[in-house]
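Quick one, structure for this:
(one chain, ligands or ions: 1)
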Amino acid sequence: MSQTVTEEVVKLKVRPLTPEAFRPYGQVLERGQLIYPEVEEGRVAMELLRTRHRPNGRQTAQLAVHFTYNQTFIPVQGSMVLIVAPPPVDREADPSTYDFDFDQAAAFLVEPGQVAFIDKGVWHNAVAMGLECTFINVTRKDALEAATEERNDGRIDQISAQRPYVGYIDLVERYHRVLDLEL
Ligand SMILES: NC(=O)N[C@@H](O)C(=O)O
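I've put the predicted structure just below:
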């Protein structure tokens with residue numbers, strides 16, 4: 001009889017966003033400091049997105065990755081939880097083999113007025129902390145590309161299908177694991 005494989009739940013405690021705690025993943029912009037959004041292709045673009053609470057929103061199976069640009073999350077209404085993990089070790093490897101370090105994965109509460117800037121290659125996904133979060137997304141856009149379609153299903157593979165420069169990993173498919181936020 002075939003056994004269904006149930007995924008292992010990896011708990012992530014949601015932590016306050018501080019420059020020190022966030023340093024392995026990027027920078028928290030503070031007054032008097034500068035950050036430099038950067039793209040190796042396309043153009044730097046700023047868009048206003050809204051993400052809404054979704055059923056089972058505490059669990060995340062997919063995360064995005066891109067080495068050609070860094071990215072900035074700036075909540076303006078409502079808070080978000082930014083889930084991150086260090087970049088894959090080998091950028092030149094086949095993206096389908098990119099590693100994911102569960103031991104270094106983390107979740108940070110980003111509140112309105114805070115600015116979370118992730119380095120190139122950092123694994124990431126963002127979910128609404130409450131019912132919804134409207135945030136400024138500083139990202140990459142290629143010529144003629146429109147604003148990112150707002151989704152509430154955490155499906156980075158669907159984003160990747162429209163924006164091929166956004167890579168992703170499905171932790172359930174790859175490791176039979178899922179990240180579960182502990183608030
Ligand atoms: N969902 C998500 O984080 N997408 C980004 O990678 C982006 O550049 O917009």
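
and this structure, which of its residues are near the ligand?
Counting by Cβ under 6 Å from any ligand atom, the chain comes close to the ligand at 64, 66, 71, 124, 137, 139, 148, 156, 159, 166. (Glycine included, C-beta is placed from N, CA and C.)

Report the distance from the lengthiest helix in the chain to the chain centre.
Ranked by residue count and defined by DSSP state H, the top helix of the chain is helix 156-162. For helix 156-162, the gap between its own C-alpha mean and the chain's C-alpha mean amounts to 13 Å (Cα atoms, centre = their mean, to the nearest Å).

List the buried residues in it.
156-157, 159-160 (16 or more other Cβ atoms under 10 Å).

Inside helices: which ones of the residues of the chain next to the ligand?
Among the residues of the chain next to the ligand, the ones falling in helices (DSSP H) are 156, 159.

in this protein, which ranges drop under the pLDDT threshold?
For the chain, applying pLDDT under 70 flags the ranges 1-5.

So which residues of it form strands?
Along the chain, the stretches classed as strands by DSSP state E are 8-16, 26-28, 43-52, 59-60, 62-65, 71-77, 80-85, 106-110, 116-118, 123-128, 132-141, 167-170, 177-182.

hey, which of those strands is tucked in deepest?
strand 80-85 (a mean of 24; mean count of other Cβ atoms under 10 Å).

Okay, now the sheet partners of that strand, with direction.
strand 106-110 (antiparallel), strand 123-128 (antiparallel) (DSSP bridges).

Quick one: closest of those to D90.
Of all the strands paired with strand 80-85, strand 123-128 sits nearest to D90, with 14.1 Å by Cβ to Cβ.
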